[in-house]
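Trainee: here is a sequence together with a model predicted from it:
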Amino acid sequence: MIAVTTSPRGRVLEVGAMGTPLAINGERLLSSVHALAELGAYVDERTGLVGVNRLALTDADRAGRERVKGWFEAAGLEVRVDRVGNVYGRRAGAEALAPVIAGSHIDSVPTGGRYDGALGVLAALEVVRTLNDRGVTTRRPLEIAFFTDEEGARFGTDMLGSAVACGRIPLADAYALTDETGVTVRDELARIGFLGEHDERVSPPRAYVELHIEQGPVLADAGLELGVVTGVQAISWLELTLVGKFAHAGTTPMTLRRDAGLVAARVNVRLHEMATSGRYGAQMRATMGRVKPVPNRVNIVPGRVICTVDLRNPEDDAMAAAEAELTAFLEELSKQSGVSIAVKQTAKTARVRFDAGVQSIIAGHARAAGLSHAPIQSGAGHDAQEFAAICPTGMIFVPGEFDGISHNPRERSTPESCIHGANILLRTLLELADAA
Ligand code: GLV
Ligand code: MN
Ligand code: MN
């Protein structure tokens, strides 16, 4: 049994006979990251790079889930699957108190890399393996978890599993979501064997912590080794259905057309102009990620288009103003073009601020380890944003390479960065799990 030295505040300072801080096994962490990346691996035709395609609730996701669940079990965790397919592994504490949870996701976008989400889940697993190796018993239980369909790339809304667990999305609404082919979340959960029986609402833990790759250029540009995440910016997703008129491409005069494809293009141009104008601040982002023209043939004016809008802004007021401009633009465009525009909001979350206490614990451990670090706001959405509604929550970012590219097979964080991040996760979790 390893001695755990605590400060008067109960803070875990050092573990181990020589007084060295407890550290994870970096090789084991990285080999788990690479082993999980084999599932759903694909070769990008253009670059030859190997990426990850583990869209939520597909066979590849099932394979990933089974592998990670097996690792949870092998680490001696008490595993439970809830009714929305979230998987938790519990390591008992010395006292029957609320646990500390560390988690993230293992689903990916179709053009994903191996770090987004997976690093956080596997680093949390590595924390458990390390505590097991060293015989450390924490005061509070520790739970590690992966949440269903964080990406939203298949069923159209993001943070699905954690949003259900933390109460933002009702279970029935989650079950009823469909993918492009019309299959529901509930049916897919049942098909892949992850329609669990445990209550989907999680009891508020003492704290929630998530390690994640930054997915942007900020830390690397600043030469920083770690980011202490202050929160997540506001997110607004829309699905637009544009209905005009199918027509012959050769014979229909330009003046007689109601071209839904042209309207989609004009919306996209306006989004770009809004985001680059500075009207909504320098951090405004706007993307039309999905465009589906019907019938999608060379010689037919598209009579119908389904397309999506993804808006991000660090300030709620600026987001509201951008949404209002877009609404007014769509109304005007519809009148001018004779193309009807139906708007469905598919995801909407306000700016989230993480707990100051958790941020200061993370920063303290980064400082103690001599790692350069700074506060950073997340550009991407994360499961942590849902937990922030029910408990003190924080996130640790590690820098990415190649301008921080993500949702791309090139996504990468160095082995050193992954190990630094996992060590700070370990020490943060130990401190929180020892807290009153
Ligand atoms: C999740 O990857 C997001 O879209 O922010
Ligand atoms: Mn992610
Ligand atoms: Mn992602």
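Mentor: Ah, there it is. Ligands and ions are numbered 1, 2, ... in the order given.
Trainee: hey, where'd the strands end up in the stretch 201-350 of the chain?
Mentor: Assigned by DSSP state E, counting those that start in this stretch, the strands in the stretch 201-350 of the chain fall at 207-213, 226-232, 234-243, 247-248, 285-287, 291-294, 300-301, 304-313, 340-349.
Trainee: tell me which of these sits most buried.
Mentor: Among those, strand 207-213 has the highest mean neighbour count (mean count of other C-beta atoms under 10 Å), at a mean of 29. Backbone N, C-alpha and C define where each C-beta goes, glycine included.
Trainee: can you report how many residues lie near the closest residue to residue 215 other than its chain neighbours?
Mentor: In this structure, residue 215 finds its nearest non-sequential neighbour in residue 406, 3.6 Å apart by C-beta to C-beta, 6 or more residues apart in numbering. Number of residues near residue 406 (other C-beta atoms under 10 Å) recorded here: 24.
Trainee: cool, and residue 273?
Mentor: By other C-beta under 10 Å, 12 other residues sit near residue 273.
Trainee: what does residue 80 give?
Mentor: 17.
Trainee: that one: what secondary structure?
Mentor: Under DSSP: H, G, I helix; E, B strand; the rest coil, the three-state class of residue 80 is strand.
Trainee: need the strands of the stretch 201-350 of the chain in CSV with distance to ligand 1 and mean pLDDT, can you?
Mentor: Listed next are these as CSV, based on distance: least, C-beta to the nearest ligand atom, whole Å; pLDDT from 0 to 100:
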stretch, distance to ligand 1, mean pLDDT
strand 207-213, 10, 99
strand 226-232, 8, 98
strand 234-243, 7, 98
strand 247-248, 36, 98
strand 285-287, 9, 98
strand 291-294, 17, 98
strand 300-301, 32, 98
strand 304-313, 7, 98
strand 340-349, 9, 98
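Trainee: would you reformat the ones you listed as TSV and include distance to ligand 2?
Mentor: Formatted as TSV, those follow (distance: least, C-beta to the ion, whole Å):
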stretch	distance to ligand 2
strand 207-213	6
strand 226-232	11
strand 234-243	13
strand 247-248	42
strand 285-287	16
strand 291-294	24
strand 300-301	38
strand 304-313	14
strand 340-349	14
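Trainee: JSON lines for these, including distance to residue 429?
Mentor: Below are those laid out as JSON lines (distance: least, C-beta to C-beta, whole Å):
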{"stretch": "strand 207-213", "distance to residue 429": "6"}
{"stretch": "strand 226-232", "distance to residue 429": "15"}
{"stretch": "strand 234-243", "distance to residue 429": "27"}
{"stretch": "strand 247-248", "distance to residue 429": "61"}
{"stretch": "strand 285-287", "distance to residue 429": "32"}
{"stretch": "strand 291-294", "distance to residue 429": "43"}
{"stretch": "strand 300-301", "distance to residue 429": "57"}
{"stretch": "strand 304-313", "distance to residue 429": "29"}
{"stretch": "strand 340-349", "distance to residue 429": "25"}
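Trainee: out of those strands, which gets nearest to residue 414?
Mentor: Among the strands of the stretch 201-350 of the chain, strand 207-213 comes nearest to residue 414, with 10.6 Å by C-beta to C-beta.
Trainee: listing request: residues of the chain with sub-threshold pLDDT.
Mentor: 1-19 (pLDDT under 70).
Trainee: kindly report the residues of it close to ligand 2.
Mentor: Within reach of ligand 2 by C-beta under 5 Å from the ion, the chain has these residues: 116, 117.
Trainee: try 8 Å
Mentor: Residues of the chain lying close to ligand 2 by C-beta under 8 Å from the ion are 104-105, 116-117, 120, 150-151, 212-213, 215, 380-383.
Trainee: show me which of these is closest to residue 301.
Mentor: residue 151 (33.4 Å).
Trainee: what's the neighbour count on that closest one?
Mentor: When neighbours are counted by other C-beta under 10 Å, residue 151 registers 23.
Trainee: rewinding a little: want to throw the residues of the chain next to ligand 2 into JSON lines with secondary structure?
Mentor: Rendered in JSON lines, the data for the residues of the chain next to ligand 2 read as follows (three-state DSSP):
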{"residue": "104", "secondary structure": "strand"}
{"residue": "105", "secondary structure": "coil"}
{"residue": "116", "secondary structure": "coil"}
{"residue": "117", "secondary structure": "coil"}
{"residue": "120", "secondary structure": "helix"}
{"residue": "150", "secondary structure": "coil"}
{"residue": "151", "secondary structure": "coil"}
{"residue": "212", "secondary structure": "strand"}
{"residue": "213", "secondary structure": "strand"}
{"residue": "215", "secondary structure": "coil"}
{"residue": "380", "secondary structure": "coil"}
{"residue": "381", "secondary structure": "coil"}
{"residue": "382", "secondary structure": "coil"}
{"residue": "383", "secondary structure": "coil"}
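Trainee: return the backbone torsion pair for residue 284.
Mentor: phi -60, psi 140 (degrees, to the nearest 10).
Trainee: let me see the contact set for it.
Mentor: Residues near residue 284 by C-beta atoms under 8 Å, 6 or more residues apart in numbering: 274, 275, 311, 312, 313, 318, 322.
Trainee: residue 175 sits in which helix or strand?
Mentor: Element membership for residue 175 (DSSP states H and E) is helix 171-176.
Trainee: now do the buried residues in that helix.
Mentor: By neighbour count on 16 or more other C-beta atoms under 10 Å, the buried set for helix 171-176 is 171, 174, 175.
Trainee: go on, stretch 76-94?
Mentor: Across stretch 76-94, burial judged by 16+ other C-beta under 10 Å covers 77, 80-91, 93.
Trainee: how many other residues sit next to residue 266?
Mentor: 17.
Trainee: equivalent analysis for residue 162, please.
Mentor: Neighbour number of residue 162 under other C-beta under 10 Å is 32.
Trainee: isn't it up against residue 152?
Mentor: No - the criterion here is C-beta atoms under 8 Å, and residue 162 misses it with residue 152 at 11.5 Å.
Trainee: identify the residues contacting residue 197.
Mentor: Residues in contact with residue 197 (C-beta under 8 Å, 6+ apart) are 81, 83.
Trainee: so what's residue 283 closest to, chain neighbours aside?
Mentor: residue 314 (5.0 Å).
Trainee: er, residue 57 actually
Mentor: residue 188 (3.8 Å).
Trainee: and for residue 112?
Mentor: Nearest to residue 112 is residue 52, by C-beta to C-beta, 6+ apart, at 4.3 Å.
Trainee: shouldn't the one you found be in contact with residue 43?
Mentor: No - with contact defined as C-beta under 8 Å, residue 52 does not count as touching residue 43 (11.3 Å).
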